[in-house]
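A structural model of the following input is requested.
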Amino acid sequence: MRSWLIKGAAATLLVIAAFVSIRAWDDTGHKLSARIAWEVMTPAARERASQLLKAAPENSDLSVIYNAFDGRSEDVRRLELFMYASTWPDVVRNRDFKVRYETYHKSNWHYADFFFGEDGKIIKDFPEPSGVAIPKLKDFEHVFRSETTTEGDKAVAIAWFLHVAGDIHNPLHNASRVTDLEPKGDQGGNLFYLEPARDDGSWRLNLHSFWDSQITRNIPRRNDACDADYLEPIAAVQFALHPVSSFDLKLGSYKEWSREGFDLLPGTVYGKGLKRDSLPDEEYRTKAFRIAMERLALAGYRIGKTLNSAFDPSAQ
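Predicted coordinates:
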């Protein structure tokens, strides 16, 4: 275990304990899983992934963050490119960049819906469109393992794999709950609001956003710290609390990854302490943060080990 895993771990544990009561898959959550993945990747796998990401198609803007003339070390520049790649499928949602948006944005790749009722049981053959995250993860892996696809296509596939593999570790990216109020499903908690409606109709916090933003809700960014400085001690805590040996990685079993997330929904995500139009109580918030951090760590391990398998034949 590298020395950075020990340094800062104790301090960050104190920060987590202090802030868990006030507030992960916004860009911070994705970058944390990528940071964890990077740590478990072998040097050969890191090198190959970096080469491919730098070869991304020009119109994707995927490699734009990499600056070969930056004064920082090559290791830092490669890590930051890798972490950025994990957020890129959200970056391309921006309609202001028309070519990039029309070429690369795919809204239904980010989730894999089961539909279930208030009794917690899956509703089979539900007549609403579902996400395609599970078959797409298989496609991404096939592309970046292939000997015949271009390096540009592999770069895009890696970025999507980093992102979608992270997404489905958020329970709410795996299912929609069907109720009398949401007969077509609640869109993964997006229609379950945690704040009362406002007279001006402005945005209000929903259950999906609450779970997406667990890191930033619980661990404040000190002195406008850069991602590398902010995420390193948080990742160190995850290695300490959730070592890779504590998980069954089930590499390549994407349906099982999704089912794990779904299994957390009926009794936990929609469980005790959750009410419409009201922020969750402290017990719920504490549990949500704990689960989110564990799921983000597991996503990172699975991503890193998958890329080891693809890019370093000697990796175990």
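
which stretches of the stretch 1-150 of the chain have low pLDDT?
1-25 (pLDDT under 70).

repeat that with 90
1-26, 66-74, 76, 113, 129-130 (pLDDT under 90).

what average pLDDT does whichever strand or helix holds Arg295 get?
Here Arg295, judged by DSSP states H and E, is contained in helix 282-311. The pLDDT scores in helix 282-311 average 97.

equivalent analysis for stretch 180-188, please.
The model assigns stretch 180-188 a mean pLDDT of 96.

would you mark the buried spots in it?
185-188 (16 or more other C-beta atoms under 10 Å). C-betas here are computed from N, CA, C, even on glycine.

kindly export that stretch (C-alpha atoms) in PDB.
The C-alpha atoms that make up stretch 180-188 are tabulated as PDB, following Å, rounded to 0.1, in the frame of the first residue of the first chain:
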ATOM      1  CA  ASP A 180     -50.100   6.000  -8.000                       C
ATOM      2  CA  LEU A 181     -48.300   9.400  -8.200                       C
ATOM      3  CA  GLU A 182     -45.700   8.100 -10.700                       C
ATOM      4  CA  PRO A 183     -47.600   5.400 -12.800                       C
ATOM      5  CA  LYS A 184     -44.800   5.400 -15.400                       C
ATOM      6  CA  GLY A 185     -42.100   5.200 -12.800                       C
ATOM      7  CA  ASP A 186     -40.300   7.900 -10.900                       C
ATOM      8  CA  GLN A 187     -37.300   8.100 -13.300                       C
ATOM      9  CA  GLY A 188     -34.800   6.700 -10.800                       C
END
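
run through who's touching that stretch.
For stretch 180-188, contacts defined as C-beta atoms under 8 Å, 6 or more residues apart in numbering pick out 111, 113, 115, 126, 128, 172-179, 191-192, 207-208.

need the outlier residue of the chain, farthest from its centre.
The C-alpha centroid of the chain is most remote from Asp199, which lies 33.3 Å away (C-alpha atoms, centre = their mean).

of all the buried residues of stretch 180-188, which two lie farthest apart?
Gly185 and Gly188 (8.1 Å; C-beta to C-beta).

on that earlier part again, any of the contacts of stretch 180-188 buried? List them.
By 16+ other C-beta under 10 Å, these give 111, 113, 115, 126, 172-178, 191-192, 207-208 as buried.

ok, which pair from these is furthest apart?
Top of the distance list for these (C-beta to C-beta): Phe126 and Leu207, 19.5 Å.

just checking, what packs against the helix holding Arg295?
helix 27-40, helix 43-54, helix 133-145, helix 151-167, helix 207-212, helix 214-218, helix 227-241 (3 or more C-beta pairs under 8 Å, 6 or more residues apart in numbering; DSSP states H and E).

contact partners of the third one?
So that's helix 133-145. 52, 109-112, 149, 153-154, 157-158, 160-161, 164-165, 167-168, 173, 252, 254-255, 258, 306, 310.

how far off helix 151-167 does that helix point, in degrees?
140 degrees (axes from the mean of the first three to the mean of the last three C-alpha atoms, to 10 degrees).

let's have the helices and strands packed on helix 282-311 in TSV, adding distance to Leu296.
Formatted as TSV, the helices and strands packed on helix 282-311 follow (distance: least, C-beta to C-beta, whole Å):
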stretch	distance to Leu296
helix 27-40	5
helix 43-54	19
helix 133-145	17
helix 151-167	7
helix 207-212	11
helix 214-218	8
helix 227-241	7
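
looking at those helices, which is nearest to Tyr270?
So among the helices and strands packed on helix 282-311, helix 207-212 is nearest, using C-beta to C-beta, at 8.1 Å.

which strands or helices does the closest one pack on?
By 3+ C-beta pairs under 8 Å, 6+ apart, helix 207-212 packs against helix 282-311.

low-scoring stretches of the stretch 151-300 of the chain, by residue?
Ranges of the stretch 151-300 of the chain meeting pLDDT under 90: 199-201, 220-229, 273.

now stretch 306-316, how far from the centre of its chain.
Its chain's C-alpha centre lies 21 Å from the corresponding centre of stretch 306-316 when counted by C-alpha atoms, centre = their mean, to the nearest Å.

next one: stretch 96-112
On C-alpha atoms, centre = their mean, the centre of stretch 96-112 falls 17 Å from the chain's centre.

other residues contacting that stretch?
With C-beta under 8 Å, 6+ apart, stretch 96-112 has contacts from 59-61, 89, 92-95, 129-134, 136, 156, 160, 163-164, 167-168, 173-174, 188, 258.

switch the cut-off to 6 Å
Under the criterion C-beta atoms under 6 Å, 6 or more residues apart in numbering, residues 59-61, 92-93, 95, 131-134, 136, 167-168, 173-174, 258 lie in contact with stretch 96-112.
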